[in-house]
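Participant: I would like to see how this sequence folds:
(chains A and B)
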Amino acid sequence: MDAVLQALINGIISGTLLAVPALGFSAIFAVLRFPNFAIGALATAGAYCAWVVNVSLGLPIPVAIFAAFVGAGLAGALLEYGALERLGRGGALMKAIGSLAMGMVIENIVRFIFGNDLQAFDLPLARDIVFGPIRVGPQQLNNLVLALVIMAAVWAFLSLTSLGRSMRAVADNPDLARLKGVNPRFIALVTVAIGSGLCGIGGTLIGLDTAIDPLVGGRVLLSVFAAAVLGGLGSIPGAVAGAFLIGIVEEFTVLALSPAYRLAVGFIVILVVLTVRPSGLLGSKAN
Amino acid sequence: MLTYILFALVIGSVYALLAQSLMLSWGLAGLVNLGLAGFFAVGAYASAMLTTWGHAPIPVGVAVAMLAGGFVGLIVCFSTLRLRDDYLAIVTLGFAEIVRLVASNEVWLTGGTDGISGIPVLVPRDAGIWFHAGSLAIIAAAVAVVYLLLRRLLRSPWGRSLRAIREDQTVASVAGKSIVRFKAQAFSLAAAIAGLAGAFYGHYTSYVAPDLFQPLITIYIFLAVTAGGNARPAGAVIGAYLLVAFLEATRFIAELAPGVSAVQAASLREIVVGLGLVLILSFRPDGLLPERSQKAPVQ
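Facilitator: Purely as a prediction, here's the structure:
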């Protein structure tokens, strides 16, 4: 029973970590209409920006997270406008293939500069917090709070600001939005920058939880896709709900199977959801 | 030096088989297979397990590798073919990762990260240079057979239907074509060809391990097929040999670069390959041999 409760708590914590990049992926998908396979590498790039700010410059974690957002956001926007936009003429899947290739390029730029070794953030050592039989790392609690704050900020941005409302309008119906005087190209730029920035934050939170190496983002890619597909590709609340579910299911899988198969959960979930409910949990326009 | 050139040509021929596979699923049917490395691995492992541990003759191993590839291809595309294309891209990408995961963890089945070594080879190894030349002859013959077969298929009504589906599903289905059936046939035939490539790869290097089937291979083949022309069997084959020439050239250039460590040299090569693919996709998406428009035969 205690193991189950512990797995549930771990699942919620890893779900929050997945939710931030899943939110970014879904936002990009909603507006640009292609699966951006570079998000794993963008998460890695963000994590390394944060690491440089935190370890090399010695600045505190919140500044590092902001640096991850800006660094990954700039990289994502540059990627879209430097490389992927012109591929759009060949269809969404050309952009998807291009994003996969550019993801590999970004990952290897990181590897070229920083090497393959694991790097840890500069964090104070702290004892686990113990509630009866349940243990939680203080850094995990910090991450949980940070992720929740970031999600709340994204929600506020999307529903309260006019830019956020324009983004939702373009996601809903680009032609109608254009008629109403919204410039879709500008909105796409803002969305891809914010979405990539969120992936960068996601990579940093995972790095704070464990450590970083050039594959840190690539490893969660499948779980992030699974969260987005489960929630309905392009649905933002769906991505968050999907992330929590995937996080919890992954932790329960670890109870029964080797931890190596945590990754397989995402794949199985994607297959099952597509077979049974192709529009996802909260999605309606996935088809 | 001759051995090295023969080695490069064998690898080029294995890539040519993979490129034919991608040409069929992506170029003709418009199905993006980002899990090519996974089907390659399935074929390699199937034949390696059967011939090394089961002591089956190599032709049986190769045949089973094709069947295994085709069957797994059917399973992978099963839930996505009715849906939008981007789902297939996500599912196939995940599939390749899962194959690597299973190969690394199920030690009883696949030897784990140590892989399978001592796989029977096509030509006795002690034949020296003839080992490479003989293997090259066999694999290049397979490339030629697959090439002729695909060329024949593409000119048949089946090939025309596939192109029609790629161009406009609605029109094709109004014309009475079963979209899902055609796509499933094309995808699983393509997966079977990738499985064949895997089998030959294992029987040439006599070693398979999870690390050999990184997503990088898939990017390589996309680069080969786009460079050559993605809807022409000849384009895919030429693209594959060009790719190997290009990769080997970057190896020499990386060695010449001063003050670059081995890890850095490897990452530079991957950067060049990724950028190369994006550049070709954006500036010359039709490749060296663009698709010719074909007229239906006059009855």
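Participant: Contacts only, for A:Phe112.
Facilitator: B:Val263, B:Gln264, B:Ser267, B:Leu268, B:Ile271 (Cβ atoms under 8 Å, 6 or more residues apart in numbering or on different chains). C-beta: built from backbone N, CA, C; applies to glycine.
Participant: Correct me if wrong: the last one contacts A:Val110.
Facilitator: No: applying Cβ atoms under 8 Å, one finds B:Ile271 not in contact with A:Val110, separated by 10.6 Å.
Participant: The two: which has the busier surroundings?
Facilitator: Each of B:Ile271 and A:Val110 has its neighbours counted (other Cβ atoms under 10 Å in any protein chain shown); A:Val110 has more, 23 against 19.
Participant: Tell me which helix or strand that one sits in.
Facilitator: helix A:92-114 (DSSP states H and E).
Participant: What's the mean pLDDT across whatever helix or strand comes next after that helix?
Facilitator: Where DSSP H and E defines the elements, the next helix or strand beyond helix A:92-114 is strand A:129-131. Averaged across strand A:129-131, the pLDDT comes to 81.
Participant: What is the distance between strand A:129-131 and the centre of its chain?
Facilitator: 28 Å (Cα atoms, centre = their mean, to the nearest Å).
Participant: picking that back up, so which of the contacts of A:Phe112 wins on neighbours?
Facilitator: That'd be B:Ser267 among the contacts of A:Phe112, by other Cβ under 10 Å, with 25 neighbours.
Participant: Go ahead and produce CSV holding the CA coordinates of the host helix or strand of that residue.
Facilitator: In this structure, B:Ser267 sits in helix B:262-283 according to DSSP H and E. Below are the C-alpha coordinates for helix B:262-283, written out as CSV (Å, rounded to 0.1, in the frame of the first residue of the first chain):
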residue,chain,number,x,y,z
ALA,B,262,36.7,11.9,-31.0
VAL,B,263,33.3,12.9,-29.4
GLN,B,264,33.5,16.3,-31.1
ALA,B,265,34.4,14.8,-34.5
ALA,B,266,31.4,12.4,-34.2
SER,B,267,29.0,15.2,-33.3
LEU,B,268,30.4,17.4,-36.1
ARG,B,269,29.5,14.6,-38.6
GLU,B,270,26.0,14.3,-37.2
ILE,B,271,25.6,18.1,-37.5
VAL,B,272,26.7,18.0,-41.1
VAL,B,273,24.3,15.1,-41.9
GLY,B,274,21.3,16.9,-40.2
LEU,B,275,22.0,20.2,-41.9
GLY,B,276,22.6,18.4,-45.2
LEU,B,277,19.1,16.8,-45.0
VAL,B,278,17.4,20.1,-44.2
LEU,B,279,19.3,21.9,-47.0
ILE,B,280,18.3,19.4,-49.6
LEU,B,281,14.7,19.3,-48.4
SER,B,282,14.5,23.1,-48.7
PHE,B,283,16.5,23.7,-51.9
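Participant: outside of that helix, which residues touch it?
Facilitator: By Cβ under 8 Å, 6+ apart, helix B:262-283 touches A:83, A:86-87, A:90, A:94, A:97-98, A:101-102, A:104-105, A:107-109, A:111-112, A:115-116, B:216, B:219-220, B:222-223, B:226-227, B:246-247, B:250-251, B:254-255, B:257, B:260, B:287.
Participant: cutoff 7 Å now
Facilitator: With contact meaning Cβ atoms under 7 Å, 6 or more residues apart in numbering or on different chains, helix B:262-283 is reached by A:83, A:86-87, A:94, A:97-98, A:101-102, A:104-105, A:108-109, A:111-112, A:115-116, B:216, B:219-220, B:222-223, B:226-227, B:250, B:254, B:257, B:260.
Participant: likewise stretch A:127-147?
Facilitator: A:2, A:5-6, A:9, A:13, A:16-17, A:19-20, A:65, A:123, A:126, A:205, A:208-209.
Participant: So for residue 26, what's the pLDDT?
Facilitator: The chain I'm using is chain A. On the pLDDT scale, A:Ser26 gets 92.
Participant: Please refer instead to chain B.
Facilitator: Reported pLDDT for B:Trp26: 90.
Participant: now it, nearest residue through space, not along the chain?
Facilitator: B:Val32 (5.8 Å; Cβ to Cβ, 6 or more residues apart in numbering or on different chains).
Participant: State the three-state secondary structure for the one you found.
Facilitator: Of the three states, B:Val32 takes coil according to DSSP: H, G, I helix; E, B strand; the rest coil.
Participant: is it true that it touches B:Arg84?
Facilitator: No: using Cβ atoms under 7 Å, B:Val32 is not in contact with B:Arg84; the gap is 11.2 Å.
Participant: More neighbours: those two, which one.
Facilitator: Ranked by neighbour count (other Cβ under 10 Å), B:Val32 and B:Arg84 place B:Val32 first, with 24 against 15.
Participant: Up against chain B, what does the stretch 101-250 of chain A have?
Facilitator: Counting by Cβ under 7 Å from any Cβ of the partner chain, the positions of the stretch 101-250 of chain A adjacent to chain B are A:101-102, A:104-105, A:108-109, A:111-112, A:115-116, A:222, A:225, A:229.
Participant: top of the residues you listed by neighbour count?
Facilitator: Result: A:Val229 is most packed of these (other Cβ under 10 Å), 33 neighbours.
Participant: State whether that one is indeed within a helix.
Facilitator: Yes: under three-state DSSP, A:Val229 sits within a helix.
Participant: ok, and the closest non-adjacent residue to B:Val180?
Facilitator: B:Val180 sits nearest to B:Leu81 (Cβ to Cβ, 6+ apart), 5.0 Å away.
Participant: Helix, strand, or coil at the one you found?
Facilitator: coil.
Participant: where do the helices sit along the chain?
Facilitator: No chain specified, so I'll use chain A. Using DSSP state H, the helices assigned to chain A run over residues A:2-32, A:39-51, A:61-79, A:92-114, A:138-160, A:162-172, A:174-179, A:184-209, A:216-231, A:236-256, A:262-276.
Participant: please go with chain B instead
Facilitator: B:2-22, B:36-48, B:58-78, B:85-105, B:107-110, B:129-155, B:157-167, B:169-174, B:179-205, B:215-228, B:233-256, B:262-283.
Participant: So what touches the third one?
Facilitator: Contacts with helix B:58-78, where a contact means Cβ under 7 Å, 6+ apart, come from B:35, B:39, B:42-43, B:46-47, B:50-51, B:88, B:91-92, B:95, B:120, B:122, B:184, B:187-192, B:194-196, B:198-199, B:203.
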